[in-house]
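1. build me a model from this:
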Amino acid sequence: MSSKAKKKPSHQHKPARATAPEPEGASSQPSAKMGKRKRILLIGVAIFCLVIFSVTGPMMSAFASLVGAGPQDQATMVVPDGDEVTISGEDWLTARNWASVESTVLFSGLADRELNEESILSYAVLRELADELEIGITDERIRQQIQLQMQFMRVTTYDEYLARLRQRSRTGYERLLRECLRVEVVRELLASSAVSTTQQALEAWAEENEEIRFHYLQWKGEDFVDAAAALEPSEEELQTFFDEGLSPQQRRDLENEEAASFEALALSAEALETEAVQSWAPELEPTEDDLDGFFRIQRFTSYRQEDGSPMSREQIGEERLARDYRLYQLMESLAEELDGVEDLQAFADERGLERILAEEMVVLSQLQDFPRLGSPRLEQVVRGTVDEWLTLPILGEDLAYLVRPKQIQERTLPELAEVRDSVVDYWREKRQAELAEEGAEAFVDGLPREEGAAEEDPVVLEMEAFQEQATQAEQSLNLVDWIGRRPRPADPKFSTDQQVIPFLRGQVGQNLGDLEDGQILGPFQHPQSQSWLVVRLESRRPVDKEKIWPSELTIAQSYGRTAASNKLREELSFQGLSTAYQVKPFFLTEPDGEDGGGDEEEAEATSNP
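-> Okay, the predicted model is just below:
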């Protein structure tokens, strides 16, 4: 253990300990020796400041450090054996330098720009504890730390590792690492006290899963159908709603569908036996792999049952599958020839093909049912390019064909006059929801408040008063009787009509710590039920820790780790260390205040660290 004198009445200080080289550019402390003329000049400046300005603790500290014989004592602390020791100015400077070194040696700690008086003093406290506990670092710990950091940096040799750290000497680097690890070991010892036990984890879980009981009122949009039907929008209101207020689905329902006129060149199963087709069509002998691959590709678009589900290969039949495969391959072989054809009818007659025209525009929703050619893949024609053939053939009832669009009509929204009645209906639907919202807001605004209460202050009502207000608003109370503030496996299965319950549980539960029993919350919008809700929190109670489900144990452990982590951060913070080891700084920076502070506040800031 390093020699260290405890605080005595004579204020004797302990011997100096290992120090780190001060970073380049850092300011050094004034020399203990100072010229007589300079000392007199500084005393004159000090007297001038005393006459002109208010004297503060930091100002006195600055003059003392300039005129005095060296760094001043910074704080006292009580070490684990109960003795009080002094953290000298030299200790503080050493801690500042080592804290800066730690960020590069251990890849942890605070960067130079993050260091401040509190963080440096905290580091000095940790170094004091390392000395008091006689912390020593073994060569094995040094080796493990270096291996860990080499893996992190993805280097394979020690020399490369030192070069990346800009360290010239192995001995010098390991000395720095050993000193930094002494403080790290102290942190590990403090961290061990923050490990959560099973009981603590259960308590943290129970606190996060309190059970709540509440009543709620519900204003549904459907309850305002008659009221909305009696309203008539002005032309300006309707036009604004048409331009800006329609939902995406409503707008899509009003739009004119995509449509196309097209022509197709088809090869039918019947035509396979004609001389015209046989003159150019080769014989095809597909393998099993060919047929299976063709089936897997086509089954979801070309082979579907009446209910829309895909057919099995057995339902299609091997003869039909082989025939369709041949039709498809033959039409695919003609695709490249069609680009240069000017007289399509003559080409079709020569090859034994059939030309099918859809001269009228066919809307998208009718393409699947188009006679003989109907297929989900025919919908691609509205997304194609006019007069350009689609790349791949399409299977129809007993044929395969290539198709190209002749005209395409994009999806467009008609003028308001064409769909005015539908738009009015949509406007009234919106007004239903707005009337529900207005009713809920009027209810909350009309609740009795304490005299002098601000508008943002919470409203707290006894059950009898809340019941009376609900009756006046012609609303019935709905009770949610004891449910966890968070979802649990033991939750009941909520029906469609009860979906507001888990929604409200979330609204109440997430802010439960800030709420009072009897407090009114809302109104909340519940989009799924198109309603607005107002809640009164009745009460809360602890959850039964004995009824925790196995699947919740992992969650409880997570809560325990979070609580332990928070505890560790508190213990390693300046406030935590100050409380645990009675750290009393001698000088504090004067706090900033909006009005500059008075004499009493200034005295308190400098005399009560």
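
2. which non-adjacent residue is nearest the residue nearest in space to the middle of the chain?
-> Using CA atoms, centre = their mean, the residue of the chain that lies closest to the mean C-alpha position is Gln510, 16.3 Å off. The spatial neighbour of Gln510 that comes closest, neighbours along the chain excluded (CB to CB, 6 or more residues apart in numbering), is Arg485 at 7.9 Å. No exception for glycine: its C-beta is placed from N, CA and C like everyone else's.

3. same thing with Ser375?
-> For Ser375, the closest residue by CB to CB, 6+ apart turns out to be Ile394, at 5.3 Å.

4. low-confidence bits of this structure, can you list those?
-> 1-71, 108-114, 191-197, 200, 557, 559-572, 587-609 (pLDDT under 70).

5. longest helix in it, please.
-> In terms of residue count, the longest helix belonging to the chain (DSSP state H) is helix 420-445.

6. what packs against that helix?
-> Contacts defined by 3 or more CB pairs under 8 Å, 6 or more residues apart in numbering; DSSP states H and E place helix 420-445 against strand 211-220, helix 225-229, helix 235-240, helix 248-254, strand 520-526, strand 531-541.

7. just want the angle from that helix to strand 531-541.
-> Going by axes from the mean of the first three to the mean of the last three CA atoms, to 10 degrees, helix 420-445 is angled at 30 degrees with respect to strand 531-541.

8. what are the C-alpha coordinates of the next helix or strand after helix 420-445, in CSV please?
-> Moving toward the C-terminus from helix 420-445, the next helix or strand (DSSP states H and E) is helix 463-472. As requested, C-alpha coordinates have been extracted for helix 463-472 and formatted as CSV (Å, rounded to 0.1, in the frame of the first residue of the first chain):
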residue,chain,number,x,y,z
MET,A,463,-66.2,8.7,-8.4
GLU,A,464,-69.6,10.2,-7.6
ALA,A,465,-68.8,13.5,-9.3
PHE,A,466,-67.4,11.7,-12.4
GLN,A,467,-70.6,9.6,-12.5
GLU,A,468,-72.7,12.7,-12.3
GLN,A,469,-70.8,14.4,-15.2
ALA,A,470,-71.2,11.2,-17.3
THR,A,471,-74.9,11.1,-16.7
GLN,A,472,-75.3,14.7,-17.8
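
9. what's helix 463-472 in contact with?
-> Here helix 463-472 makes contact (CB atoms under 8 Å, 6 or more residues apart in numbering) with 215, 217, 443, 446-448, 461, 476-477, 518, 520, 536, 538.

10. most neighbours among those, which one?
-> For these, counting by other CB atoms under 10 Å, the largest number of neighbours falls to Arg536: 27 neighbours.

11. show me where the protein has strands.
-> Ranges of strands in the chain, per DSSP state E, are 75-78, 84-87, 211-220, 259-268, 354-363, 394-395, 399-409, 478-484, 520-526, 531-541, 584-585.

12. what helices and strands are in contact with the first one?
-> Using 3+ CB pairs under 8 Å, 6+ apart as the contact criterion, the elements in contact with strand 75-78 are strand 84-87, helix 117-132, strand 584-585.

13. recalculate using a threshold of 10 Å.
-> Secondary structure elements in contact with strand 75-78, counted by 3 or more CB pairs under 10 Å, 6 or more residues apart in numbering; DSSP states H and E, are strand 84-87, helix 117-132, helix 574-581, strand 584-585.

14. looking at those, spot the one closest to Pro286.
-> Nearest to Pro286 among the helices and strands packed on strand 75-78 is helix 117-132; the distance by CB to CB comes to 77.0 Å.
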